[in-house]
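this one's sequence-less:
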């Protein structure tokens, strides 16, 4: 497993937070996903060995929690909330806007490699619906116009990167 | 009668100009004074004070906090754990988000006081994975508190030690259920446990006695100790004490958070006076008062409830005071305080389809009724919206819901059935005529599912 | 043998019927004791409680008493104590009996619960009955018939999941049929101690899987097929071979080791189709090893022995060789007690030395012991040996080399495999009784084909000194003869007194010769076996280590 030294340090530290090693499963999955971008099959077995578990124990957990992905995604992860309050505020239109702006469908990597768009369930910010979580930043009141702005910004940054 | 002013206790400093989430700011406002005093008292006295205050859980169940604490097995010799339920996932609810991001030390102080009161040496904050910034803020705040001697070894110079670790979830609503949360903390799939025998107070985290409390509830503990139970009892109504944070969302002019004493505002006051009423040209149609699991109320409905003296009174939806008992008497619940408002532009079949999709996605899949029934209801409502709807489909969904509620391992069974039962009960006509209505709808009507 | 102490009894009421059951019993078992069936899927008496199928929901109530005074609250109409019925139904599997508990299993609420759960289990279940091996022994079929609504209201699309995947070398998985009871997962974790199975994905899309790259290949994998209540896990060996309602079930004992796992042999018209475990809470619970199940294939093996002459000719030839003198008799730890008794009688008449081939190996700690002979202790009882035998016949080899032995009678044992060289085999004349060809039968002067354990009846004494009986499931191979008949005929042919060859007659002499059998007869041996007094052999050291229901006696402290 090719993990950054900081990741390995944090992994060793976080395991000490719990009297039973198995509790380290979710923290390790988060740390590895943040480091590598996704959780590979190799990572599953690495975690199992690290925590003295069977690989199936880790595999079961990954597929249960939607935040863990087993394949790489676009550079940015756009999560649009679809639950009732956001849907009432037009969340579905927001999602369609992002899809058309990046010429991609939900779950795919966009042709320019920049984004993967997903619907997620309630992000607990219903008062400022529709909300969109892009990577770790919450964007509030994202109607179609705001979605356009955000998409333009992201594309501009991508262009700058060249 | 216009709504009274908000009573900001928990949310006193939220979005306040100049207030920052570091310990220096918190202490400038008297932070950690309560903890310093609490550690000099007897844990059982603090527990009695909380019980006396009548504090009820703010996560959704509204169960007496003091009573929950009293169930803890203190004789087993096993360590006692406290877990902060920061997995805020009930649709319509967003209060804990603000506490975590903007006033984390209030939560930490409430947690530490509660830990001391229950002889807890190790606490965990289970925070939903979708609050990554919140997790970082909490970790930073905990470290600040450790450096200041409020968390960790020898708290406030006494021989009481207790540490807190933050544990991130990864996208499962069922982790909000206390035993599902415990399973997730143990590193497994978040399958809730059967009770009996796995009551957390006896066999919880690592099979040790465990308390699971909501973020807001623990903040209330701090304020109860600060003002004393007697003062706290004056806020709200008997059996519904203290303030609540109502999270209003949906089709109102001013959605957002509002803190009021329990029962101090009615639904009508909150929605019309405080939140500015419906959107331009619209009328209120329905409201879900306690998070999407709560039964829906139809504007125009009336309820006959008994007063304490035996007389009866009739309430319209607008007249219902927002407290646990009044809402329960009207066939719904106070729940998590998430108030979702719908106006006359919303089609209830489609709104229910959105909710059914949520619950079928979040079902852990362990027990038969919820696993199969939630997906069946979703398939029916999905077919109604995107395919061919039959007039009997509403009743069929209710019949399915009736086979789920009361038959499952955990309260998710009720959570996924109550919306269907109440939507069809109160808007049954819409379900019967949906197939025809669909054909005459505008092409650009709002997509909800 | 210490008897377990009398357990405390608790009185409960199942549908008004009063019954006293042992403390710690759950409501499903308590109901079973009054003859009431509480349907269930995920509950299994030998696994931890999951409580997820919700099929065993029943109504529970406790007698009402005044909280303060503890005085019972009576119902004026019936004169009986009022029962406080819990409004929510409770699952019976996780409810332990409490004194005075009342249970309703036939109320309208319970019937509705069962119809609901059945409906839910069937909505995503594929219409596979016509091609599914489980048909006829499928809990879904049985409980749908007994407790289901009888018609479907589901018109949506069913979930699609992987079908007919190879979970392991002996087990097939069909995920669409799976009802997610988790019995297989719990079995692999708790009994087989091989944690390879789990559920992936969530909700109704949850799917049973083995970790990719690993297989369900442990030697107990087929138990998951037994306990799977539906046709999700099926045996690859049995796949599509026979409908279970055509099969005859015969009680047998697995001869794989001295554990003496109780089995059921399923056969039709003289052919065996499969072997499954038979429940014995003192020996093997509800489990058996995969390797034991495969043993039925030896019946039709290519190297089955067939006679070279008419039976009387073979007996006469054999007897004439044995009468020549200096006979050594090699008995078998795989012979039944009755056969060993007759062997000992024959050996005694011939004044022959007796030997037994040991099969000490590694035990697996579960249901295969370190002694791969199912009936070493029968040989001790009948006097063929006085101590546990070695794997190699070194003493016999030496005797042959010294010229003390001229004729060897081997009861199903391959002497070459037991350490005798080809030269040594050539030095003696061999009379061989056995079912399969081997080096010894090839070198034998007279070979008399006999039967496999599936074709004859008898008893074995297992490592616990429990005598257990097995019955013949299928008729013997044409031309082969029951070992007891051969032995008795040889006995009379060499001038001995017949001991009979049928079980009842043999047992009369057998019981008379072994005091610990008392007045036991073959017929009286209970289906679950009977523990015998083993004190006569308590000083001996046996090779077996711990298995599921056996702990070796602690080693004697040296003086």
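Nice, I can see it. Since the model is a prediction, treat every value here as computed from it, not as a measurement.

which helices and strands does the longest helix seen in chain A pack with?
For chain A, the helix with the greatest residue count under DSSP state H is helix A:144-161. Secondary-structure packing of helix A:144-161 (3 or more CB pairs under 8 Å, 6 or more residues apart in numbering or on different chains; DSSP states H and E): helix A:91-101, strand A:132-134. Backbone N, C-alpha and C define where each C-beta goes, glycine included.

wait, isn't residue C:315 in contact with residue C:487?
No - shown here, residue C:315 and residue C:487 do not form a contact pair, counting by CB atoms under 8 Å, at 10.5 Å.

ok, now which ones touch residue 39?
Since you didn't name a chain, this refers to chain A. Contacts for residue A:39 (CB atoms under 8 Å, 6 or more residues apart in numbering or on different chains) come out as A:29, A:32, A:33, A:62, A:68, A:69, A:70.

hm, I was asking about chain B
B:116, B:155, B:156, B:158, B:160.

span of stretch C:135-144 from start to end?
Using CA to CA, to the nearest Å, one end of stretch C:135-144 lies 13 Å from the other.

ugh, wrong one, I meant stretch C:304-320
From its first residue to its last, stretch C:304-320 covers 25 Å (CA to CA).

repeat for stretch B:1-8
Counting by CA to CA, the terminal residues of stretch B:1-8 are separated by 21 Å.

circling back: so residue C:315 and residue C:487 - more neighbours on which side?
Using other CB atoms under 10 Å in any protein chain shown as the criterion, residue C:315 and residue C:487 rank with residue C:487 on top: 27 against 20.

how close does the more buried one get to residue A:122?
80 Å (CB to CB, to the nearest Å).

do residue A:135 as well
Distance from residue A:135 to residue A:122, by CB to CB: 19 Å.

between the two, who's got more neighbours?
Each of residue A:135 and residue A:122 has its neighbours counted (other CB under 10 Å); residue A:122 has more, 30 against 10.

contact partners for that one?
A:81, A:83, A:85, A:86, B:89, B:90, B:91, B:92, B:93, B:173, B:358.

among the residues you listed, which lie within strands?
Taking DSSP state E as the definition of strands, the contacts of residue A:122 contribute residue A:81.

ok, of the contacts of residue A:122, which one's closest to residue C:433?
Nearest to residue C:433 among the contacts of residue A:122, counting by CB to CB, is residue B:173 at 70.4 Å.

domains in chain A, by residue range?
A:5-64, A:76-161 (automatic domain parsing).

how many residues are close by residue 138?
Since you didn't name a chain, this refers to chain A. Neighbours around residue A:138, by other CB under 10 Å: 22.

try chain C instead
Burial of residue C:138 is recorded as 19 neighbouring residues (other CB under 10 Å).

once you drop chain neighbours, what's closest to it?
Nearest residue to residue C:138, sequence neighbours excluded (CB to CB, 6 or more residues apart in numbering or on different chains): residue C:230, at 5.8 Å.

okay, the one you found and residue C:135: tell me how far apart.
Residue C:230 is 10 Å from residue C:135, by CB to CB.

now swap in residue C:63 and tell me
45 Å.

can you confirm residue C:317 is in a strand?
No - under DSSP: H, G, I helix; E, B strand; the rest coil, residue C:317 sits outside any strand and is assigned helix.

residues near the residue nearest to it when sequence neighbours are not counted, how many?
Spatial nearest neighbour of residue C:317, chain neighbours left out: residue C:446 (4.7 Å); criterion: CB to CB, 6+ apart. Neighbour count for residue C:446, taken as other CB under 10 Å: 22.

next one: residue B:44
Neighbours of residue B:44 under the rule other CB under 10 Å: 12.

which residues of the stretch 201-350 of chain B fall in helices?
For the stretch 201-350 of chain B, helices defined by DSSP state H, counting those that start in this stretch occupy the ranges B:215-227, B:229-233, B:267-268, B:324-329, B:348-362.

my guess is residue A:118 meets residue A:80, correct?
Yes - Residue A:118 is within contact range of residue A:80, at 7.2 Å (criterion: CB under 8 Å).

please say which of these two ends up with more neighbours.
residue A:80 (28 against 17).

what bridges to the more buried one?
Bridge pairing for residue A:80 (DSSP bridges) gives the partners residue A:119, residue A:132.

work out the sheet partners of the longest strand anywhere in chain B and label each with its direction, please.
Ranked by residue count under DSSP E, the longest strand found in chain B is strand B:243-250. Strand B:243-250 has its sheet partners listed here by DSSP bridges as strand B:256-261 (antiparallel), strand B:338-343 (parallel).

buried residues in that strand?
Across strand B:243-250, burial judged by 16 or more other CB atoms under 10 Å in any protein chain shown covers B:243, B:244, B:245, B:246, B:247, B:248, B:249, B:250.

and the angle for it with helix B:215-227?
Angle of strand B:243-250 versus helix B:215-227, following axes from the mean of the first three to the mean of the last three CA atoms, to 10 degrees, is 150 degrees.

where does the residue of chain A positioned farthest from its centre land in three-state SS?
Of all residues in chain A, residue A:19 has its C-alpha farthest from the mean position, at 28.5 Å, by CA atoms, centre = their mean. Classification of residue A:19 using three-state DSSP returns coil.

residues contacting it?
Residue A:19 makes contacts with residue B:206, as judged by CB under 8 Å, 6+ apart.

now it: how far from chain C?
For residue A:19, the distance to chain C equals 21 Å [CB to the nearest CB, to the nearest Å].

distance from the longest strand of chain B to the middle of the chain?
Centroid displacement of strand B:243-250 relative to its chain, using CA atoms, centre = their mean, to the nearest Å, is 10 Å.

so which elements touch whatever helix or strand residue C:121 lives in?
Per DSSP states H and E, residue C:121 falls inside helix C:108-123. Applying 3+ CB pairs under 8 Å, 6+ apart, we find helix C:108-123 packed against helix B:368-386, helix B:393-404, strand C:57-63, helix C:139-147.

run a quick neighbour tally on residue 130.
As the question left the chain open, I've gone with chain A. Residue A:130 has 29 neighbours, counted by other CB under 10 Å.

let's do chain C instead
Going by other CB under 10 Å, the residues that sit close to residue C:130 add up to 6.

I appreciate the help and will end here.
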